[in-house]
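Undergrad: here you go, sequence then predicted model.
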Amino acid sequence: MVSHAAGYEGMVVFNDEARGDALVTMGGDPVPIPGLFVGHSDGLTLAGAANAGELVIGAPAGTVEGVQSLWNGWSGLRIWDYTDPANAVLASTFDTACSALEPGTEGTEDCLEGGTYSSHNLVVEDGIAYVSWYADGLLMIDVSDPYNPVEVGRYHERGDAFEAQNAGAQNIWGVYKIPNQPWVYASDRNGGLYVLKAYGQGSAKNGKAALDG
């Protein structure tokens, strides 16, 4: 990995040939300089190479100018109206408070630094979407009106005590639900499997539905 001590002001990381132009999140240890991830073909262009064979591992770095990283948002939830299967309509989008904000901007104080705030898997039953949302936990969203989604419940744990027994911050990756049963199964990439129970409307604080372990 590049070193700030070596005098680099930034880094551009790109896919190998096998992964092509797919864009994913960069891995590796954090470094105190800005970084940009690009696809394989863009990386070759920036490196001035016609193909991967012209790349030389460990060769002195060149200078790249005019590269800019623009925030394009986390992946919220997009809800489509398939009333006409041949002409689907984007009915609405849904974001949590953290997924709607760019990291480091005003209002993100309650969001984990380095946390992932993106929807991942979902199960829909009786107009309720159960959505795994990484650092935001597991959400219950009423999508019975696809043009007006409303959050009605959430399983979300924070704090030192929870993170100690969970082997890290909450990071819910998957969700599964057996139809017509109250149990919701959520996989946490740090803590393992959680078995939750969905309670009915009005059974939790503020009259909302609830998820409890």
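TA: Structure's in. What do you need? Residues are numbered from 1 along each chain as shown.

Undergrad: ok, Lys197 - how many residues close by?
TA: 13 (other CB atoms under 10 Å). Where you see a C-beta, it was placed from the backbone N, CA and C, and this is true even at glycine.

Undergrad: I should have written Ile141 there, sorry.
TA: 24.

Undergrad: what does whichever helix or strand it is part of contact?
TA: Following DSSP states H and E, one finds Ile141 within strand 138-142. Here strand 138-142 makes contact (CB atoms under 8 Å, 6 or more residues apart in numbering) with 77, 94, 96, 127-133, 149-156, 172, 175, 184, 186, 194, 196, 198, 209, 211.

Undergrad: three-state assignment of Gln170?
TA: coil (DSSP: H, G, I helix; E, B strand; the rest coil).

Undergrad: hmm, it is touching Tyr117, no?
TA: No. Look at Gln170 against Tyr117 with CB atoms under 8 Å: they stay out of range, at 11.6 Å.

Undergrad: okay, and the common contacts of those two?
TA: With CB under 8 Å, 6+ apart, Gln170 and Tyr117 have common neighbours Ala135.

Undergrad: neighbour-wise, which of the two wins?
TA: Legend: neighbour count by other CB under 10 Å for Gln170 and Tyr117, higher for Gln170 (26 against 23).

Undergrad: residues contacting the more buried one?
TA: So Gln170 contacts Ala135, Gly137, His156, Glu157, Arg158, Phe162, Glu163, Asp188, Asn190, Gly191 (CB under 8 Å, 6+ apart).

Undergrad: find the nearest non-adjacent residue to the third one, please.
TA: So that's His156. Gly137 (3.4 Å; CB to CB, 6 or more residues apart in numbering).

Undergrad: what number of residues lie near the one you found?
TA: There are 22 residues near Gly137, going by other CB under 10 Å.

Undergrad: circling back to that earlier point, among the contacts of Gln170, which are in helices?
TA: Among the contacts of Gln170, the members found in helices (DSSP state H) are Phe162, Glu163.

Undergrad: would you list the contacts of Gln170 in JSON lines and tack on pLDDT?
TA: Shown next, in JSON lines, are these (pLDDT from 0 to 100):
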{"residue": "Ala135", "pLDDT": "94"}
{"residue": "Gly137", "pLDDT": "95"}
{"residue": "His156", "pLDDT": "93"}
{"residue": "Glu157", "pLDDT": "92"}
{"residue": "Arg158", "pLDDT": "89"}
{"residue": "Phe162", "pLDDT": "92"}
{"residue": "Glu163", "pLDDT": "92"}
{"residue": "Asp188", "pLDDT": "96"}
{"residue": "Asn190", "pLDDT": "94"}
{"residue": "Gly191", "pLDDT": "93"}
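
Undergrad: and the contacts of Gln170, which are buried?
TA: Ala135, Gly137, Glu157, Asp188, Gly191 (16 or more other CB atoms under 10 Å).

Undergrad: is it true that Pro182 touches Tyr130?
TA: No. If you go by CB under 8 Å, Pro182 and Tyr130 don't touch, sitting 11.5 Å apart.

Undergrad: shared neighbours, those two?
TA: By CB under 8 Å, 6+ apart, the residues touching both Pro182 and Tyr130 are Ala198.
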